[in-house]
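> Here is a sequence with its predicted model. Questions after.
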Amino acid sequence: MKFGKRVLTKVWPGLFFLAAALAFHLPPALNGQWPVEDDTKVFFFPLLVAIHDALRAGHLPLWTPLIFSGYPLFADGEGGVLYPLNLLVLPWLRPEVALVVLAVVHSSLAGLFTYGLSRELRVSRPGALLSGLVYAFCGFAVGQMVHMDVTRAMVWLPLELLLAERSTQSARWDRYRWTVLTGVIFGIQALALHIQVTLLSGLAVTALLFWNAMAPARGEATTPSPLAGEGWGEGEAPSRLSGEGWGGGVPGRLRRLTWALVQALLQTALIGVIGVGFAAVQLLPLAELAGLNYRVLGLPQQLAEVNTVWPGSLITLLLPRLFDIDSRDFWGPWVKWETAVYVGIVPLVLSIIGLALGRARHRAFFGVLAVGSLLAAMGSMSPLPVWGVLHQFPFIAGLESPGRFALLFSMAMATLAGYGADALWRRAPSPRLVAAVLGVGALVPWGGMGLQATSLRLTELSVAGTAFAEAYLHLPGVPTSADGAPLTPARVTALVAEAMSPQNVSVAWQLGLALGVTVGIALLLARGRLRVVGPILVIALTSVDLWQTGLAFHPWAAISALQPEPPPALVSGIGLDRVLTLPTQGAKDGPTDPNRLLAAGIPEAAGYSSLEPDRHLSYLSTVMQGDDDLLDLWNVRYIAGHPRVNRLLNYRQVIFDADVALFLGKKGDSGRTVEFAPAKAPASANALAFVAELRDAQELVDGEEVAQVRVKATDGREQLFVLRAGNDVSDARGGLLGELPANHLRGEAAY
C-alpha cells in the first residue's frame, strides 16, 4: 500500500495534465475535426506524411524528389526528422492519428514541465497545477498549434529553466551535472526544430543563470500553510554559494559575486556547446541550406517586424476575441496566432498579485522577464527599443516576428500566477479582505455598464467613423478587408462597438469570468472548509477559460481533408514528369497548392518552404514570365492552379503586362546583367520610359541606386539610365494601408 501511494504521489501530476490534454484535444479529434490554417495544409502535414512514409520504410528522409524538383528535406529540419518523439510515434501511426497523438503528448509535457519548474521554485501543488495549465493552453500555445515545430520546441523551455535553477542551487560537481543535462535538453529542443524558440529559450535560461549569480538565494518565507501536507509553504533551501572561505565585508562579497558570475558564464557556454553538439547532425545541414536563402544576409529591421504586437492589442489580455468576426475572420494587426498574448483572466489577476504581494525570490525575475518580453514583442512600437537591440545580435538578425516573444511572456505569467495563488493562500484568513474582494466583484456589473455605454457611443460614431479608426487602418499589418468586405473607418468603429458590447457573448463570458475571479480569491482568503474550495475553483475557472478560448482560436476542418485529392489527370500516373503548382490567391484551399501533392507522391517543380533556395526562386520567377523552354528543361508536363489573366495596361502610352516583367533582380544581384533585344531589330525610338516597382524595399532611402539600364545603339553609341529609390521608383506597397512605411518618397502609381 505504501509503495502504491508513493507511486501515485509521483505520477498523479502527469496523469492530471494528460487528462487535461485529452479533454482539450480528443473530443474534436474523435469528431474528425482539427484546427487548420494554411501552413498546416501546405507544409506541416505534407512533411509529416513524407517523414512517416520514410520512417515506416526503415530509412531517414534525407531527400525528396517530390518538391522543388528535389529538396533536402532532412536539412530543412522543420519536419523534425530526428526529433525523438517523432521517431517514437510516426513509424507506427497513420499521419492523421499521429497528428492528434503528438498534440496530446506535447500539451501534457508542457503542463507537466511547468508544474515541475514551479515546484522547484517552491510553489504549492495547486499553484503549480495552475501554472502548468496556463503555459500548456495559453493563447501562444493554442495559437501555435498549427505550427508543429513551434509546439514541439516550446515544450522544453520550462524543463530547461527547472534544470538550470537546480544547477545553481547545487554544490561543486552536482552543479555541472545538472548543467550538462540542461544542455542535452537544449539539444532535444534544437532537434524539434524551431530556431527562434530555441534562441528565446537560451535567452531565458542565460538570464536565469546570471540572475541567480547576482542574487543568491536567501531563503523564502516559511509561513505555514492553512492546508497541512507536503509542498504547501515549504521554505526554500539555502544557497550553496554562500559557503565560508571567501572572507567577510565588501571584498568578500565582491569575490563571491565575481566567482558566481564566472560560474554562470561557464554554465552558459557549456549548455550551448552541449546543445549545439547534440543537435549538430541536424543544425549543420540546416546552416548550409539557410546559406542558400536570402535570410543569410539578415533581414532589415523593418522587414523583420512582421507580426508585431501592437500596444493597443494588449486589451486582448482582457477581451481575447476583440478582433474576431465570429469564427470567420480576423481584422487585427498581422496574424492572429503570431501576436496572441492571452493567458486567461484568473491567471492575469493572480500574476499581478504574485508580483505585488508574493515573497518568492524569483518573482522579480519573472516580472522582469514578462515586461521585457512584452516590450520586445512590440517591436519598434515599444517605448523601449528592446527588439531593435536584440535584432543586432548574430542569428537573431535573420529572424522575424517579434510577436513570438509572447512565448517568454506566457512562461513568466504562468509562473507568476502560481506565485499569486500561493501569496493569497499563505495570508492569514481575513473576513475583512474577503468582504473587500467581494466588494470589488460587485463593481464588475458597473464595468459591464461602462462597456455598454462605450459601445453605444461608438455605434453612433460608426456612421462616419472615428479619427482613431482612421489611424488604426494605417498601422502595419492591418488587413484592407475582413469577412469579404473592405475595412473602412466607419466599419472599424462599428466592429469595435460590437466587440465591446456586453450583449456580445464573448464579452459577457469575460465579465462572468471576472466575477468568478473575485469569488475564487475570496475563497482563498476565507476560513474553514470554504478555503479548500478556493484552489479547485481557480483551477476550474482557468481550465474552462483557456479551453473555450483555445477551441475558438482557429477554424476547424475535417482531418481527412488534409490528405490531397489531386485531379484525375495527375492520379492516372505522371511518371517522371513534374507538375508546376501555382499558389491559390488568398487562403491555400486548392487541392494542388504547393506541397499538397507531396502527400500523394506526385512530383512538383515548385514547392513551399521558408528556406526555399534563392536559385530556385530565381528560376521560378523567370519561368513565370512565360518562358516555355525553361518549363521543358524542368520536365514540367502539367501546370496546376488558377488560370492567369494577362492584364495589358497603358500608362502614358507605355503598354505593359502587370504580371510579366522584362527584367527581374533582387538584393545581392549587384553586378549581374540581363540583356534584352527587340523582337524586330533594329528598332527606332525617340524616347524611353520605364514602368518599374520595388518590393520589400521599404528600408531604401531617397537617391539610393537600385538598377542601371544601358541602351546600346547599332552605331555603337550608349546611353546609361540609373534608377534611384524615391526619385524614379518606389516600393509598390510601402505606405499602403496595413503595410510598413517606406523610407523613400512614394512615386507615381502606374496601376
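All right, it came through fine.

> could you dump stretch 44-62 to CSV, C-alpha only?
Provided in CSV are the C-alpha atoms of stretch 44-62 (Å, rounded to 0.1, in the frame of the first residue of the first chain):
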residue,chain,number,x,y,z
PHE,A,44,3.5,20.6,-41.8
PHE,A,45,1.0,17.8,-42.7
PRO,A,46,2.7,17.0,-46.1
LEU,A,47,6.1,16.9,-44.4
LEU,A,48,4.5,14.7,-41.7
VAL,A,49,3.3,12.3,-44.3
ALA,A,50,6.7,12.2,-46.1
ILE,A,51,8.6,11.5,-42.8
HIS,A,52,6.1,8.9,-41.8
ASP,A,53,6.4,7.1,-45.1
ALA,A,54,10.2,7.2,-44.9
LEU,A,55,10.5,6.0,-41.3
ARG,A,56,7.9,3.3,-41.9
ALA,A,57,10.1,2.1,-44.8
GLY,A,58,13.1,2.0,-42.5
HIS,A,59,15.2,5.0,-43.6
LEU,A,60,15.6,8.7,-42.9
PRO,A,61,14.0,11.1,-45.4
LEU,A,62,17.3,12.8,-46.3
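
> ok, residues contacting that stretch?
With CB atoms under 8 Å, 6 or more residues apart in numbering as the test, stretch 44-62 has contacts from 64, 66, 72-74, 78-82, 86-87, 90-91, 93-95, 98-99, 146-149, 562-563, 595-596, 598-599. Where C-beta positions appear, they are placed from N, C-alpha and C, glycine not excepted.

> Just the buried ones out of those residues, please.
Buried by 16 or more other CB atoms under 10 Å: 64, 66, 72-74, 78-82, 86, 90-91, 95, 98-99, 146-149, 562-563, 595-596, 598-599, out of those.

> Among those residues, name the ones in helices.
Counting by DSSP state H, these place 73-74, 86, 95, 98-99, 148-149 in helices.

> Between which two of those residues is the distance greatest?
Greatest spatial distance in those: 74 and 99, 20.5 Å, computed using CB to CB.

> And stretch 269-289, what's buried?
270-271, 274-276, 278-279, 282-283, 285-286, 289.

> try stretch 337-344
Judged by neighbour count (16+ other CB under 10 Å), stretch 337-344 contains these buried residues: 337-344.

> Repeat that for stretch 161-174.
Within stretch 161-174, judged by 16+ other CB under 10 Å, the buried ones are 161-169.

> Output these in CSV; the columns should cover distance to residue 352.
Putting the buried residues of stretch 161-174 into CSV (distance: CB to CB, whole Å) gives the following:
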residue, distance to residue 352
161, 21
162, 24
163, 28
164, 26
165, 23
166, 28
167, 30
168, 27
169, 27
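
> What average pLDDT does the helix or strand that contains residue 364 get?
Using DSSP states H and E, residue 364 sits in helix 363-377. Helix 363-377 shows an average pLDDT of 95 in the prediction.

> Show me what the helix or strand that that helix is followed by is packed against.
Sequence-wise, the next helix or strand downstream of helix 363-377 (DSSP H and E) is helix 386-390. Under the contact definition 3 or more CB pairs under 8 Å, 6 or more residues apart in numbering; DSSP states H and E, helix 386-390 sits against helix 363-377.

> Which positions in the helix it packs on come out as buried?
363, 365-367, 369-370, 372-377.

> Tell me which residues of stretch 634-654 come out buried.
634, 636-638, 640-641.

> ok, residues contacting it?
Residues outside stretch 634-654 that contact it (CB under 8 Å, 6+ apart): 69, 567, 569-570, 574, 576-585, 590, 592-593, 597, 605, 619, 623, 631, 655-660, 689, 691, 750-751.

> How far does it stretch from one end to the other?
Taking CA to CA, to the nearest Å, the first and last residues of stretch 634-654 lie 33 Å apart.

> avg pLDDT for that stretch?
If you average the pLDDT over stretch 634-654, you get 76.

> Name the spans of the stretch 301-450 of the chain whose pLDDT lies under the cut-off.
The stretch 301-450 of the chain contains residues with pLDDT under 70 at 301-302, 327, 398.

> Which residue ranges of it form helices?
For the stretch 301-450 of the chain, applying DSSP state H, counting those that start in this stretch gives helices covering 301-304, 345-357, 363-377, 386-390, 406-426, 431-442, 444-461.

> Please apply the same query to the stretch 151-300 of the chain.
Assigned by DSSP H, counting those that start in this stretch, the helices in the stretch 151-300 of the chain fall at 157-168, 172-190, 195-214, 249-290.

> Just the residues contacting stretch 463-480, thanks.
Stretch 463-480 is contacted from outside by 305-308, 310, 312, 330-334, 458, 486-493, 496, 736-741, using CB under 8 Å, 6+ apart.

> Buried ones among those residues?
Buried members of the contacts of stretch 463-480, scored by 16+ other CB under 10 Å, are 305-308, 310, 330-334, 458, 487-493, 496, 737-740.

> Can you list which of the buried residues of stretch 634-654 are found in strands?
If you go by DSSP state E, these have 636-638, 640 in strands.

> quick revisit: which one of the buried residues of stretch 161-174 is nearest residue 447?
Checking the buried residues of stretch 161-174 against residue 447 by CB to CB gives residue 161 as the nearest, at 35.7 Å.

> doesn't residue 118 make contact with that closest one?
No - checked against CB atoms under 8 Å, the pair residue 161 and residue 118 is beyond contact range at 10.1 Å.

> Have a look at the protein and report the helix or strand with the lowest mean pLDDT.
Ranked by mean pLDDT, DSSP states H and E, the weakest helix or strand in the chain is helix 301-304, scoring a mean of 70.
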